[in-house]
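Novice: 3D model of this:
(chains A, B, C and D)
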Number of protein chains: 2
Amino acid sequence: MTVGATRPGGRTARVRAAVLRAAADALVEHGFNRLDLADVARRAEVGKTTVYRRWGTVAGLVADLLTDMAEQSLPRTDTGSLIDDLRANARLVQRTLVDPRQGALFRAVIVAATCDPRAAEALHRFYAVRIAEWAPCVEQAVRRAELPQGTDAAEVIRAVSAPLYYRLLVSGDPIDRATADRAAEAAAAAAHAGVYTLTSGPNR
Amino acid sequence: MTVGATRPGGRTARVRAAVLRAAADALVEHGFNRLDLADVARRAEVGKTTVYRRWGTVAGLVADLLTDMAEQSLPRTDTGSLIDDLRANARLVQRTLVDPRQGALFRAVIVAATCDPRAAEALHRFYAVRIAEWAPCVEQAVRRAELPQGTDAAEVIRAVSAPLYYRLLVSGDPIDRATADRAAEAAAAAAHAGVYTLTSGPNR
DNA sequence: CAGCTAAGGGAACTGGAGACCCGTTATGAC
DNA sequence: GTCATAACGGGTCTCCAGTTCCCTTAGCTG
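Specialist: Reported below is the predicted structural model:
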């Protein structure tokens, strides 16, 4: 029974993988708003109809791509020093955004998120996962009494990435290693000053 | 003579103003990638052909809109205290991004910049102007010896905005007044720590 | 291994964004 | 005032993204 059950085996998964890979390629080449689902289908060697039926719109496809991206994660460093961990994180983000393929892909998915609620939700989940992954290095610094009690770990991690994304999307300034290091140092300095404590304001 | 001279008088300027206003309205309502130049023409009560001829593409229109936006500027505060100036700046940005109309417009123009080089250049000019406008309050703090010599004023101002734009575009977290104040305090703390000095790294 | 059906694929169709043509209007020079 | 022409505007055409139709293929079940 339950004849109407879904059928996730073999072909379906293969098609999804091929289409997502093709979608990433196409996003890198043309960007979000020049993306054509027929082109994605051609690259994936899959029927155009299939792409339209399963994902419907460009934004829907990007949302699925983001869900897929959230699942594959990079291990964080754990040097035992807050500033070194933050610098490692900043440099990882910097390398990602500067990389022609990855950088273009991130720009594209961020654009998609501003255009479609599903893509936005997928993007926010993606970053929530990434931030949660790196938060422990701040929590450990608090436990080591390197940072004030009650420091918002997620907020510190966000503070590291923010200047890099700001340059990528807003100001257009170059994103070099020095920028990444400065972002990490700024976040550490602000955290030390107690700016990111949850309960109260800064204790200066 | 120079009969072939351009003709910027009366009608041309009126048309430009009407089209730019209509474009902003349409961007706020539909966002960048759902924007239709024919729809803009209708709103501006202007011929569709005119819009296509003068601006060509959606991105070109947005680039011109940004040029126009860069010209009208808001006066900055000058309280005589770095943290108060930065807080005022942060709150101004916060109010702008949270405002339904302004927030949507900024999202749209940032999206446009990721899709088109001309729009990107216009956006970067826009922010260069805004940052240069607020840099003096940091320079004064340096002169008052509130901040280390050689502090990169523009970088401090960017640091104030970055967390707010990061939330708007990337993480999707709410952008409230507390966020703005924290951004200002973090930038001030990092600047005090010497993170933004041009010549060397941090002097901690 | 047989058959049921979920999922994929080819091809024709359609609607609307954007390009083009050519007549009309208003600006600026004299 | 009048004339040359830059700029506007309505109507029409084209082309392709997205939809629909219906047939084919391949996963699961027993």
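Novice: Dihedrals phi and psi, the residue in chain A positioned nearest to DNA strand C?
Specialist: In chain A, the residue that lies nearest DNA strand C is A:Gly47 (2.8 Å; Cβ to the nearest atom of the strand). C-beta coordinates here come from the backbone N, C-alpha and C atoms, glycine included. As for A:Gly47, its main-chain torsions (degrees, to the nearest 10) stand at phi -60, psi 140.
Novice: State the next helix or strand along the chain beyond the helix or strand encompassing A:Leu123.
Specialist: Counting by DSSP states H and E, the element that carries A:Leu123 is helix A:117-143. Later in the chain than helix A:117-143, the nearest helix or strand by DSSP H and E is helix A:153-166.
Novice: the inter-axis angle of that following helix versus helix B:117-143?
Specialist: 120 degrees (axes from the mean of the first three to the mean of the last three Cα atoms, to 10 degrees).
Novice: Identify all contacting residues around helix A:153-166.
Specialist: For helix A:153-166, contacts defined as Cβ atoms under 8 Å, 6 or more residues apart in numbering or on different chains pick out A:86, A:89-90, A:93-94, A:97, A:131-132, A:134-136, A:138-139, A:142, A:175, A:179-180, A:182-184, A:186-187, A:190-191, A:196, B:158-159, B:161-163, B:165-167, B:169-171, B:173, B:182, B:186.
Novice: which residues sit in contact with the closest residue to A:His124 other than its chain neighbours?
Specialist: In this structure, A:His124 finds its nearest non-sequential neighbour in B:Gly172, 3.9 Å apart by Cβ to Cβ, 6 or more residues apart in numbering or on different chains. B:Gly172 makes contacts with A:Ala113, A:Ala120, A:Leu123, A:His124, A:Tyr127, as judged by Cβ under 8 Å, 6+ apart.
Novice: I'd like to know how far the residue nearest the centre of chain A sits from A:Val160.
Specialist: Centrality entry for chain A: nearest residue to the mean C-alpha point is A:Tyr127, 4.8 Å, by Cα atoms, centre = their mean. The gap separating A:Tyr127 from A:Val160 is 12 Å, by Cβ to Cβ, to the nearest Å.
Novice: and the nearest residue to A:Ala120 once chain neighbours are set aside, how many neighbours?
Specialist: Closest residue to A:Ala120 apart from its sequence neighbours, by Cβ to Cβ, 6+ apart: A:Ala113 at 4.2 Å. The local packing of A:Ala113 (other Cβ atoms under 10 Å in any protein chain shown) involves 28 other residues.
Novice: how far off helix B:100-115 does the host helix or strand of A:Ala113 point, in degrees?
Specialist: Applying DSSP H and E as the criterion places A:Ala113 in helix A:100-115. Going by the same axes, to 10 degrees, helix A:100-115 is angled at 150 degrees with respect to helix B:100-115.
Novice: For helix A:100-115, the averaged confidence score.
Specialist: For helix A:100-115, mean pLDDT rounds to 93.
Novice: Next: stretch A:67-81.
Specialist: 88.
Novice: Just the terminal-to-terminal distance for it.
Specialist: From its first residue to its last, stretch A:67-81 covers 32 Å (Cα to Cα, to the nearest Å).
Novice: picking up where we left off before, just to check, the residue nearest to A:Ala120 is in contact with A:Tyr127?
Specialist: No: if you go by Cβ atoms under 8 Å, A:Ala113 and A:Tyr127 don't touch, sitting 9.9 Å apart.
Novice: for chain A, what are the low-confidence residue spans?
Specialist: Confidence mapping of chain A against pLDDT under 70 gives the ranges A:1-9, A:199-204.
Novice: so what's the residue nearest to the centre of chain A up against?
Specialist: Per Cβ under 8 Å, 6+ apart, neighbours of A:Tyr127: B:Val170, B:Ser171, B:Gly172.
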